[in-house]
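A.B. asks: give the three-dimensional model of this entry:
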Amino acid sequence: MGGSTKVKKDRNITEAEKMVANEYRKDIDDFVSNVMPLVQQQIGSLDDNSIVRSAIRDTQGNAEMAEGMQKRNTARYGLGMSPAQRKALAKQRKQDAAANTAGAQNNARLVQKDRNENVALGLASMGNNYRQQGMDDMMNAVGIGSNRAMANAQSASAARQQNLGTAASLATMAFMAF
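C.D. replies: Numbers count the residues shown, from 1 in each chain. Sure, this is the predicted structure:
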């Protein structure tokens, strides 16, 4: 009878382990289907330099706008310029545009670098959280196995004690009968 009780307890623990394993499998499947695509997208964006490209485009547009404003103001207010003044103004505009583009590009590179570093740190942090959760889950699984082993050992010990007690009682009764 003691053997069948032990089998029944093992079966119950096995069912609990299956339940825990199914929950862990659901967590893994959820991660793979819902989180991994986002992680892959974020990893792919680390090579993105759209902020820098946008800054260059914006500064070029600003330079063209400034040139257009200067031409309209000259036409509107009748400011006459000599060919030397126009040449100097064009040279100054080119220098300003180049300096503005370089400055904007430098700032954009710094912003892009900060953004990429933040994404990388976020991914590393998320990975660390998932790793820690996995370790916790593994410790829970080890605990279940450990609890089962302890329950089996206690059950075996109790059965031995019961058998010894029964044997001692029988020996005492046999001794008293003679």
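
A.B. asks: next SSE after the helix or strand bottoming out on mean pLDDT in the chain?
C.D. replies: None of the helices or strands of the chain scores lower by mean pLDDT, DSSP states H and E than helix 2-30, at a mean of 64. Downstream of helix 2-30, the next assigned helix or strand under DSSP states H and E is helix 36-45.

A.B. asks: by contact count, what packs against the longest helix along the chain?
C.D. replies: Identified as the longest helix of the chain according to DSSP state H is helix 83-177. Under the contact definition 3 or more Cβ pairs under 8 Å, 6 or more residues apart in numbering; DSSP states H and E, helix 83-177 sits against helix 2-30, helix 36-45, helix 50-77. Every residue, glycine included, has its C-beta placed from N, CA and C.

A.B. asks: any idea of the mean pLDDT for that helix?
C.D. replies: On average, the pLDDT along helix 83-177 is 83.

A.B. asks: tilt between that helix and helix 36-45?
C.D. replies: Counting by axes from the mean of the first three to the mean of the last three Cα atoms, to 10 degrees, helix 83-177 lies at 140 degrees to helix 36-45.

A.B. asks: mind listing what's buried along stretch 96-113?
C.D. replies: The neighbour-count check on stretch 96-113 (16 or more other Cβ atoms under 10 Å) flags 97, 100-101, 104-105, 108, 112 as buried.

A.B. asks: off-centre distance for that stretch?
C.D. replies: Distance of stretch 96-113 from the chain centroid (Cα atoms, centre = their mean, to the nearest Å) equals 31 Å.

A.B. asks: number of nearby residues for the closest residue in space to residue 100 that isn't next to it in sequence?
C.D. replies: Of all residues not flanking residue 100 in the chain, residue 59 sits nearest, at 4.9 Å (Cβ to Cβ, 6 or more residues apart in numbering). Neighbourhood size, residue 59 [other Cβ atoms under 10 Å]: 20.

A.B. asks: next: the one 10 residues further on.
C.D. replies: Residue 69 is flanked by 10 other residues according to other Cβ under 10 Å.

A.B. asks: go on, the one 3 residues further on?
C.D. replies: Using other Cβ under 10 Å, residue 72 has 10 other residues around it.

A.B. asks: now it: how far from residue 65?
C.D. replies: Look at residue 72 and residue 65: by Cβ to Cβ, to the nearest Å, they are 11 Å apart.

A.B. asks: for residue 97, same thing?
C.D. replies: Per Cβ to Cβ, residue 97 is found 11 Å from residue 65.

A.B. asks: same thing with residue 53?
C.D. replies: 19 Å.
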